[in-house]
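Visitor: Sequence isn't available, so here's the structure alone:
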């Protein structure tokens, strides 16, 4: 039963992160990484969810959290400018995929 509780907790966390991404309540890259961590653990098999893996791969060089403080400010600004353009392109797809995750999790 412990395994079921663990999976239930991960599914709940996945839904919470998906909602935060939909509502722009979490840093985009951090949200993508949080979704990937949970998807890998619970194995929601759906081709559309590969979108998250692609975005994670495309942003794997983007610093988040405390790591940002150690970056050169100009380099960080340039990276953020590029990242903003990329996020604007993929955000509509991400929000649709997040809604799909929530539907999958909410299914009985």
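Guide: Great, that's in hand. Keep in mind the model is a prediction, meaning the values are calculated, not measured.

Visitor: Mean pLDDT per helix and strand in the protein: which one sits at the bottom?
Guide: helix 28-42 (a mean of 89; mean pLDDT, DSSP states H and E).

Visitor: Show me what that one is packed against.
Guide: Contact analysis of helix 28-42 by 3 or more CB pairs under 8 Å, 6 or more residues apart in numbering; DSSP states H and E lists helix 2-22, helix 50-58, helix 73-106 as its packing neighbours. Placement of C-beta: from N, CA and C, glycine included.

Visitor: Which among those is found nearest to residue 65?
Guide: Comparison of the helices and strands packed on helix 28-42 against residue 65 by CB to CB identifies helix 73-106 as nearest, at 12.9 Å.

Visitor: I'd like the distance from that closest one to the chain centre, please.
Guide: Chain-centre distance of helix 73-106: 8 Å, with CA atoms, centre = their mean, to the nearest Å.

Visitor: Which strands or helices does that helix pack on?
Guide: Helix 73-106 sits against helix 2-22, helix 28-42, helix 50-58, with contacts defined as 3+ CB pairs under 8 Å, 6+ apart.

Visitor: Pipe these into CSV and attach mean neighbour count per row.
Guide: CSV is the format used below for the helices and strands packed on helix 73-106 (neighbours: other CB atoms under 10 Å):
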stretch, mean neighbour count
helix 2-22, 15
helix 28-42, 19
helix 50-58, 16
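
Visitor: Which one, of those helices, ends up nearest to residue 108?
Guide: Evaluated over the helices and strands packed on helix 73-106, closeness to residue 108 peaks at helix 2-22, with 12.8 Å, by CB to CB.

Visitor: So which elements touch the closest one?
Guide: The contact analysis (3+ CB pairs under 8 Å, 6+ apart) places helix 2-22 against helix 28-42, helix 73-106.

Visitor: Of all those helices, which one comes closest to residue 62?
Guide: Among those, the nearest to residue 62 by CB to CB is helix 28-42 (5.0 Å).
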